[in-house]
Structure formats: C-alpha cells, structure tokens
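Asker: structure here, sequence nowhere to be found:
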Ligand SMILES: Nc1ncnc2c1ncn2[C@@H]1O[C@H](COP(=O)(O)OS(=O)(=O)O)[C@@H](OP(=O)(O)O)[C@H]1O
Ligand SMILES: [Mg+2]
C-alpha cells in the first residue's frame, strides 16, 4: 500500500495520549475479535510505506485528503485507488460533507449538514455515486456543456495549492462567466464527475510535486464518468512512476468537448505569464 501517512509523529513520547485514543477508536470500529495494541495500530499504519511503481498491484490511500478543509469543517475526502501495473483500475472517493444534490455557482460546497457522497469507479465500468449510507446508487456523467461561457470551474480553496491568478486569466480568456467554485480535496473530482461544474483546473506553484494519492481515485472517477484528466500539455497522468506524478505545469480535467478550447486558453495564458 502507498499511503500518505506514516506512524512517525505517533511514535513520539508526547503523542501517547492521542495514540491511546486512536487505538480505542480503531478497536471500537473494527469488527474483529482480537483487540489491537497500540503497537499493532502503528504497524498497520506503516504498511502504507510502499513506493508504488509500474509493477504489480498497489493500493493508494489518502485517509484525509484536503486536511485544511477537514479542519475548517468544509470539504474533505477519503480516497482509495488500486494501481495494476502502474494504471489506476479502481477508485473510491468518500466525501462526507459533499451534498448529494449538485453544488454550484452560489454554493462553495461547505454546507456541512449533508448526507455525504461516495463515488466509485472500476475501469471500463463507469462511475457511480451513492449516499454514504449506501442507498440510491446512480451512474454519474460529466457535464456535456460545449460553450465555455456556460461552464463553471472548480479549483483549490487554498491559493497556496493552486494559482488562482492563472486560473482566473484562463477563465477570462475562455469567457467563463461564473465565479470559480473553490473547494478542498478530491471532492472536486467527485463534483466534476456528476456535472456540477464542467472544468477543474489545478496549477501548483513552481517546485511542488503532486503525489499519486491526491489524484488516483479522483481521476478514475472522472474518466469513467466520460471526462478527461491530463496535465497542461494534454498528457494523461502517469501513475507508474512511484509516489510522484511528473506533470507539465498542472492538472486539467473536463469533458471532451471543452478540451480543445481549454488547452488553447491554457497555452496562451501560460505563455503570457512567463
Ligand atoms: N504547495 C502545495 N501545492 C499544491 N498542492 C499542495 C501543496 N501543499 C499540499 N498540497 C496538496 O494538496 C492537497 C489538497 O489539495 P486540495 O485540492 O484540497 O487543495 S485545497 O485545500 O483545496 O487548496 C493536499 O492533500 P492533503 O495533505 O491530503 O490535504 C496536499 O497533498
Ligand atoms: Mg491529499
């Protein structure tokens, strides 16, 4: 398993109290007869130390994606994906604060009094959404909007995670009228997969390297919903290189119809920002 967290911080002396609380919660939650010790819990967390890569099968886990959103009481996700020979073949995205009803122009997706959604996708089998209690499974599809003026776009809540200036110039060039919908975590991919908005733009600041656990589950949910997820040069995301994604500039996700105009605007805006 390739996972974002390891047990380093929990093994420190001043973490004893929180480790005891975590061990209690784990034992309360697991339906096993054996009671786990704190050491068992730390060992389980450290099973996530695999580096991934092009061979074999690897689970990719982000236990809390969008940590800042989680702390704010906004959007976050639990993201799990399966890599087979470096290719994402399955993804599950739980978004406990994402309403089942569409979010959009007026909402920033931060209404926390909601049921929550779970998105899932298996390669070649489409993408599905259900409520967190497991009812009402529906197939989801990305937006079919062709005119960028009618599109709305998602981006990171945190300006430190993605350049809001660049996305704003791209949106202006495209003629997008709606303001950006800024939400944390891979909930953006979930919302995109069901057509709440038509575009997701993510341009980290220079020097930042994207990690596979921040995109593996979300990207298969979007591609199985009929969307396209690439870097800013149109290359598909390559999950076979280990923990990191090697990308040109950032990540772009949308439907097929919008992609040509989107790339043109992106190239022009990147060129004029150099
Ligand atoms: N500097 C910088 N640039 C780009 N991305 C960064 C950066 N720092 C962190 N991260 C990663 O972004 C993950 C959260 O992405 P989000 O889309 O949720 O960002 S945002 O919170 O909405 O701004 C976040 O995932 P979590 O750590 O799981 O929250 C990080 O892996
Ligand atoms: Mg993350």
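Answerer: All right, it came through fine. Computed from a predicted structure; not experimentally measured. Ligands and ions are numbered 1, 2, ... in the order given.
Asker: roughly how far does residue 190 sit from ligand 1?
Answerer: Residue 190 is 12 Å from ligand 1, where distance means CB to the nearest ligand atom, to the nearest Å. Glycine gets a C-beta too; all of them are placed from N, C-alpha and C.
Asker: tell me the contacts of the nearest residue to that residue once chain neighbours are set aside?
Answerer: Once flanking residues are discounted, residue 190 sits nearest to residue 119: 4.6 Å by CB to CB, 6 or more residues apart in numbering. Residues in contact with residue 119 (CB atoms under 8 Å, 6 or more residues apart in numbering) are 91, 92, 93, 95, 127, 128, 129, 140, 189, 190, 193, 221.
Asker: the first one touches residue 120, doesn't it?
Answerer: Looking back up the chat, that one is residue 91. Yes: counting by CB atoms under 8 Å, residue 91 does reach residue 120; the two are 6.9 Å apart.
Asker: overlap in contacts, these two.
Answerer: Shared contacts of residue 91 and residue 120, counting by CB under 8 Å, 6+ apart, come down to residue 221.
Asker: once you drop chain neighbours, what's closest to residue 10?
Answerer: Counting by CB to CB, 6+ apart, the residue nearest residue 10 is residue 19, at 5.0 Å.
Asker: and the host helix or strand of the one you found, average pLDDT?
Answerer: Following DSSP states H and E, one finds residue 19 within helix 16-29. Helix 16-29 comes out with an average pLDDT of 96.
Asker: next one: the residue nearest to residue 190, what pLDDT does it get?
Answerer: Residue 119 is given a pLDDT of 98.
Asker: show me what from the chain comes close to ligand 2.
Answerer: Listed as neighbours of ligand 2 in the chain under the rule CB under 5 Å from the ion: 62, 65, 214.
Asker: may I see the ChimeraX selection of the buried members of these?
Answerer: Here is the ChimeraX command that picks out the buried ones among the residues of the chain next to ligand 2, judged by 16 or more other CB atoms under 10 Å:
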select :62,65,214
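Asker: just how off-centre is the helix holding residue 19 within its chain?
Answerer: 27 Å (CA atoms, centre = their mean, to the nearest Å).
Asker: stretch 84-92: which residues count as buried?
Answerer: 86, 88, 90, 91, 92.
Asker: just these: which are in strands?
Answerer: 88, 90, 91, 92 (DSSP state E).
Asker: got the phi and psi for residue 62?
Answerer: Taking degrees, to the nearest 10, you get phi -120, psi 100 for the backbone angles of residue 62.
Asker: how many other residues sit next to residue 205?
Answerer: 12 (other CB atoms under 10 Å).
Asker: now it: how far from ligand 2?
Answerer: Counting by CB to the ion, to the nearest Å, the gap between residue 205 and ligand 2 amounts to 16 Å.
Asker: pretty sure that residue contacts residue 160?
Answerer: Yes: using CB under 8 Å, residue 205 is in contact with residue 160, at 7.3 Å.
Asker: ligand 2 versus the closest residue to residue 95 other than its chain neighbours, what's the distance?
Answerer: Closest residue in space to residue 95, ignoring its immediate chain neighbours: residue 187 at 4.4 Å, by CB to CB, 6+ apart. Remark: distance between residue 187 and ligand 2 (CB to the ion) = 11 Å.
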